[in-house]
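>>> sequence first, predicted coordinates after that:
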Amino acid sequence: MLRLVQQYFSDSAARLPDKPAVCCANDSLSFREVEEFTNAFARHLQAAGVTRGQFVPFFLEKSVRSILSVLSILKADCAYVPIDFKSPGQRMQLILNAAEARVVIVDDESQVVFEQLIAAAERPLLLNISRFKPQNVAPLPAKNLSIDVAYVLFTSGSTGVPKGVMIPHKAIIDYIEWCVETYELTENDVISNHAPLYFDNSTFDLYCAFKTGATLHLVHEELNAVLPRLVSWLSERQITTFFCVPSVLTLLLRSRRLKPDSFPKLRHVIAAGEVLPRDILAEWMEMYPHIQFTNMYGPTEITVDCSYHILHEKPGKDMLSIPIGKARTNMELFVRTGGGELSQAIGAEGELLVRGTSVAYGYLGDAKRTQEAFIQNPLNRFFHDPLYCTGDLVRIDENADYLFLGRADDQIKFLGYRIELGEIEASLAGIDGVHEGVVVFNNSSVEAERELGALVSLEEGFDLDALRHALQKRLPKYMVPTRFKVTGEDFPRTPNGKYDRKRTLKIVFG
C-alpha cells in the first residue's frame with residue numbers, strides 16, 4: 001500500500017526506467033536517472049546532518065534540479081520548502097526562520113543570489129546540487145508515515161509574516177488518486193507544469209506525472225516572461241494536460257496567437273486559483289471543442305482543490321459566473337451562514353468551510369492563526385475533525401453547485417496568488433519615510449485593469465521612487481502596488497474607525 005508520495009515516482013521508474021521523466025528547456029532526465037540521482041542526493045542530505053522530519057528549503061529557479069530537490073528531500077524523510085527565486089531577502093529570512101532551516105539546496109547561480117541576500121552570520125549550510133556527483137544510488141529505506149509532512153508552502157500573511165501551510169503525504173495521495181481517476185490520466189499523457197513550485201497548483205502537475213509515469217514538462221522562466229510563446233510550446237511539446245490560473249487563459253486568448261489547430265494533443269485544460277471569466281471560457285470552448293475544460297477551486301490549506309466543475313457545454317449569457325462546483329471525493333463543503341450554522345441547503349449563502357483528509361495541519365509555528373482558521377467540526381464531538389474556514393463567500397445554487405461570491409476579509413487573489421493586503425500594509429508601515437499606508441485592489445472585470453494600489457502619507461523628502469525601491473526589497477514583485485496616491489489629508493475611515501477601503505479605492509483609481 002502506497003503511503004509516501006515519493007513512491008509514486010519510484011514505482012514509475014521501475015516500470016518505465018528509460019522514459020523521459022522531466023524536461024525543462026533543453027534539459028531532460030529519464031525516470032532511471034532521476035531515481036538514481038535522488039537516491040544518492042538524499043544520502044548526501046543525511047550526511048550533511050539533515051534528520052527525519054526537518055523542513056528543507058530549496059532556492060532554485062524552476063528547473064530539472066528543482067524536481068531533483070523535491071524527491072531527494074522526500075527520500076531523506078524530510079519535508080520540502082520551495083522558496084521563490086525572486087524573493088526579497090527579508091521575506092526569505094522570515095521563511096528560513098519559520099522552517100528552522102539548517103540546510104538549503106542551491107545551485108551555482110542561486111548560491112550567488114542567496115549569499116547576496118542573506119547575511120553570512122544567518123546563513124544555513126548551503127548544499128550545491130549542481131556540483132553533486134552521485135555515487136551510492138541504491139534506494140533508501142523510508143521511515144516516514146503517511147501522516148508526516150511532505151511540504152510546507154508559504155502564503156501571504158496579514159501580519160506581515162508569511163504563513164507556512166503544512167501538508168502531509170496522506171493529503172497529497174488523497175488528492176492525486178482522485179485527480180488521476182477523474183481525468184483518466186495515464187503514462188501516455190504529457191503534463192505541463194506552469195505554476196511555480198511554491199504555488200500549490202504545481203502539486204497536481206508533479207504528482208499526477210509521478211504516479212502515472214507521464215512525462216512532465218516544466219514551463220521555464222524565460223518562456224513565462226514572454227507568455228504568448230506558450231502557445232507554440234504547448235503544441236511542440238505535445239502537452240495533453242494543462243493546469244493554469246485563469247488569467248493565463250485570458251492572456252493567451254488576447255495574444256491573438258490561438259488558432260483552431262493550435263493544440264491537437266491537448267485534452268484537458270484545468271483552471272484554478274482565480275475566478276474563471278465566463279466569456280473567456282466560452283471563447284476557448286468555441287475554438288477547441290475537443291478539449292475538456294474544468295474549473296477547480298481550493299486554497300493551499302486544503303491541498304490544492306476541494307471542488308470542481310467540468311464544463312460539458314459552452315456557458316451561455318444567462319450563466320452569471322462559472323460554478324466552483326461540488327466537493328471532490330473524500331471532501332465535504334459547508335456554508336457557514338450569518339447565524340453561524342453549517343448548511344448544505346440550496347440557497348445557503350455565507351463563508352465556505354471545508355472538511356476532509358486533505359485539510360492541512362495548519363501553519364508552521366503559528367498556533368494562534370492555526371486555531372483561528374482550523375476549527376473543530378461543531379457537528380462532531382467524538383474525534384478530531386478539523387474544518388478549514390476559507391474566508392471565501394459562496395452560495396449554493398439550484399443544482400447544488402457552489403458559486404464563489406468574493407472574500408469575507410481583505411485577502412485577494414491576483415495573478416493566481418493569494419495576497420493579504422495587510423501584509424503589504426505591514427511592509428509599508430515598516431519603511432522609514434512612510435507615515436501611513438492603505439492598500440486596495442482594483443478588481444476590474446477587465447483583466448488588464450486589475451492592479452494593486454496604495455494611498456500613502458510620506459515624510460517630506462521621501463518620494464515614490466524611494467518607496468517603490470524599499471517595497472521591492474521586502475515583497476515579491478506581484479505584491480508591490482503599481483499605482484500610488486500620495487496624500488496629506490486624513491485617510492478615509494468607517495464609523496468604527498477602520499480604513500474605508502471603498503472610498504480609498506476611488507481616491508487611488510479615480
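Ah, there it is.
>>> part of a helix, is residue 473?
Yes - assessed by DSSP: H, G, I helix; E, B strand; the rest coil, residue 473 belongs to a helix.
>>> can you tell me which residues contact it?
88-90 (CB atoms under 8 Å, 6 or more residues apart in numbering). No exception for glycine: its C-beta is placed from N, CA and C like everyone else's.
>>> make JSON lines from the residues you listed and add secondary structure, neighbour count and pLDDT to it.
What follows is the contacts of residue 473, written out as JSON lines (DSSP: H, G, I helix; E, B strand; the rest coil; neighbours: other CB atoms under 10 Å; pLDDT from 0 to 100):
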{"residue": "88", "secondary structure": "coil", "neighbour count": "19", "pLDDT": "92"}
{"residue": "89", "secondary structure": "helix", "neighbour count": "16", "pLDDT": "93"}
{"residue": "90", "secondary structure": "helix", "neighbour count": "15", "pLDDT": "91"}
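>>> which one of those is nearest residue 401?
Checking these against residue 401 with CB to CB, the nearest one is residue 88 at 40.3 Å.
>>> for the closest one, give me its contacts.
117, 472-476.
>>> all the strands of the stretch 251-400 of the chain, residue numbers only.
Secondary structure of the stretch 251-400 of the chain (DSSP state E, counting those that start in this stretch): strands at 268-271, 292-297, 307-311, 326-327, 331-336, 342-343, 349-356, 362-363, 374-376, 386-396.
>>> closest one to residue 20 among these?
strand 268-271 (19.8 Å).
>>> show me what that closest one is packed against.
strand 241-244, helix 246-254, strand 292-297 (3 or more CB pairs under 8 Å, 6 or more residues apart in numbering; DSSP states H and E).
>>> if you set the cut-off to 6 Å instead, what comes out?
If contacts are counted by 3 or more CB pairs under 6 Å, 6 or more residues apart in numbering; DSSP states H and E, strand 268-271 sits against strand 241-244, strand 292-297.
>>> paired strands for that strand, with orientation please.
For strand 268-271, the pairing partners within the sheet under DSSP bridges are strand 241-244 (parallel), strand 292-297 (parallel).
>>> contacts for that strand?
183, 241-243, 246, 291-296 (CB atoms under 6 Å, 6 or more residues apart in numbering).
>>> okay, which residue is most central for the chain?
The centroid of the chain falls nearest to residue 199 when counting by CA atoms, centre = their mean (2.2 Å).
>>> please name the residues that touch the residue nearest to that residue when sequence neighbours are not counted.
Distances taken as CB to CB, 6 or more residues apart in numbering place residue 416 nearest to residue 199, at 6.7 Å, with adjacent residues excluded. Taking CB under 6 Å, 6+ apart, we find residue 416 in contact with 245, 273-274.
>>> redo those as TSV? Include pLDDT.
Shown next, in TSV, are those (pLDDT from 0 to 100):
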residue	pLDDT
245	90
273	89
274	87
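>>> which of those tops the neighbour count?
Counting neighbours by other CB atoms under 10 Å, residue 273 comes out on top of the contacts of residue 416 with 27 neighbours.
>>> wait, it touches residue 244, no?
No - using CB atoms under 6 Å as the test, residue 273 is too far from residue 244 to be in contact (8.2 Å).
>>> follow-up on the earlier one: need the max-distance pair from the contacts of strand 268-271.
183 and 246 (18.1 Å).
>>> sorry, back to before: closest to residue 462 out of the helices and strands packed on strand 268-271?
Ranking those by proximity to residue 462 (CB to CB) places strand 241-244 first, at 39.4 Å.
>>> can I get the closest one as PDB, trimmed to CA atoms?
Extracted C-alpha coordinates of strand 241-244, given in PDB (Å, rounded to 0.1, in the frame of the first residue of the first chain):
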ATOM      1  CA  THR A 241      -2.900  18.200 -19.700                       C
ATOM      2  CA  PHE A 242      -2.600  21.900 -18.900                       C
ATOM      3  CA  PHE A 243      -3.300  23.300 -15.500                       C
ATOM      4  CA  CYS A 244      -3.100  27.000 -15.100                       C
END
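>>> follow-up on the earlier one: ok, so of the contacts of strand 268-271, who is nearest residue 83?
Of all these, residue 243 has the smallest distance to residue 83: 21.8 Å, by CB to CB.
>>> hmm, residue 203 and that closest one touching each other?
No - contact criterion CB under 6 Å: residue 243 and residue 203 do not qualify, at 9.8 Å.
>>> give me the domain ranges for the protein.
As assigned by automatic domain parsing, the chain contains the domains 6-225, 327-407, 411-509.
>>> winner for burial among these?
Highest mean neighbour count among the domains of the chain (mean count of other CB atoms under 10 Å): domain 6-225, with a mean of 20.
>>> give me the distance between the two termini of that domain.
31 Å (CA to CA, to the nearest Å).
>>> hmm, who's touching the strand or helix carrying residue 170?
Per DSSP states H and E: residue 170 is located in helix 169-182. With contacts defined as CB under 6 Å, 6+ apart, helix 169-182 is touched by 4-5, 146, 150, 207-208, 211, 303-304, 328-330, 357-358.
>>> swap in 8 Å and give it another go.
2-5, 8, 144-150, 185, 203-204, 207-208, 211-212, 303-305, 308, 328-330, 356-360.
>>> cool, stretch 120-132 as well?
Contact partners of stretch 120-132, identified using CB under 8 Å, 6+ apart, comprise 40-41, 44-45, 48-49, 58, 60, 65, 68-69, 72, 93, 96, 101-108, 111, 114-115.
>>> isn't the residue nearest to the centre of the chain up against residue 418?
No - using CB atoms under 8 Å, residue 199 is not in contact with residue 418, being 9.4 Å away.
>>> follow-up on the earlier one: out of the contacts of stretch 120-132, list just those in helices.
40-41, 44-45, 65, 68-69, 72, 93, 96, 108, 111, 114-115 (DSSP state H).
>>> which single one of the residues you listed is nearest to residue 320?
Distance to residue 320, by CB to CB, is smallest for residue 69 among the ones in helices among the contacts of stretch 120-132, at 43.5 Å.
>>> isn't that closest one up against residue 105?
Yes - in terms of CB under 8 Å, residue 69 counts as a neighbour of residue 105; the distance is 4.8 Å.
>>> list residues touching both of those two?
The contact sets of residue 69 and residue 105 overlap at 58, 60, 129 (CB under 8 Å, 6+ apart).
>>> what ranges do the helices span in the stretch 401-510 of the chain?
421-429, 464-474, 501-509 (DSSP state H, counting those that start in this stretch).
>>> got JSON lines for these, with distance to residue 313 too?
Converted to JSON lines, the helices of the stretch 401-510 of the chain look like this (distance: least, CB to CB, whole Å):
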{"stretch": "helix 421-429", "distance to residue 313": "37"}
{"stretch": "helix 464-474", "distance to residue 313": "45"}
{"stretch": "helix 501-509", "distance to residue 313": "36"}
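>>> now mean pLDDT and distance to residue 234 too, for the ones you listed, in CSV please.
As requested, the helices of the stretch 401-510 of the chain are exported to CSV (pLDDT from 0 to 100; distance: least, CB to CB, whole Å):
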stretch, mean pLDDT, distance to residue 234
helix 421-429, 85, 33
helix 464-474, 93, 32
helix 501-509, 92, 35
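>>> how close does the most far-flung residue of the chain relative to its centre get to residue 470?
The C-alpha centroid of the chain is most remote from residue 460, which lies 39.4 Å away (CA atoms, centre = their mean). Computed with CB to CB, to the nearest Å, the distance linking residue 460 and residue 470 is 16 Å.
>>> roughly how far does residue 199 sit from residue 411?
15 Å.
>>> do the same with residue 305
As judged by CB to CB, residue 305 and residue 411 stand 18 Å apart.
>>> also residue 76?
For residue 76 relative to residue 411 (CB to CB), the value is 34 Å.
>>> with residue 53 instead?
For residue 53, the distance to residue 411 - CB to CB - is 30 Å.
>>> go on, residue 503?
20 Å.
>>> make CSV from the strands paired with strand 268-271 and add distance to residue 84 and mean neighbour count to it.
Formatted as CSV, the strands paired with strand 268-271 follow (distance: least, CB to CB, whole Å; neighbours: other CB atoms under 10 Å):
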stretch, distance to residue 84, mean neighbour count
strand 241-244, 18, 25
strand 292-297, 23, 22
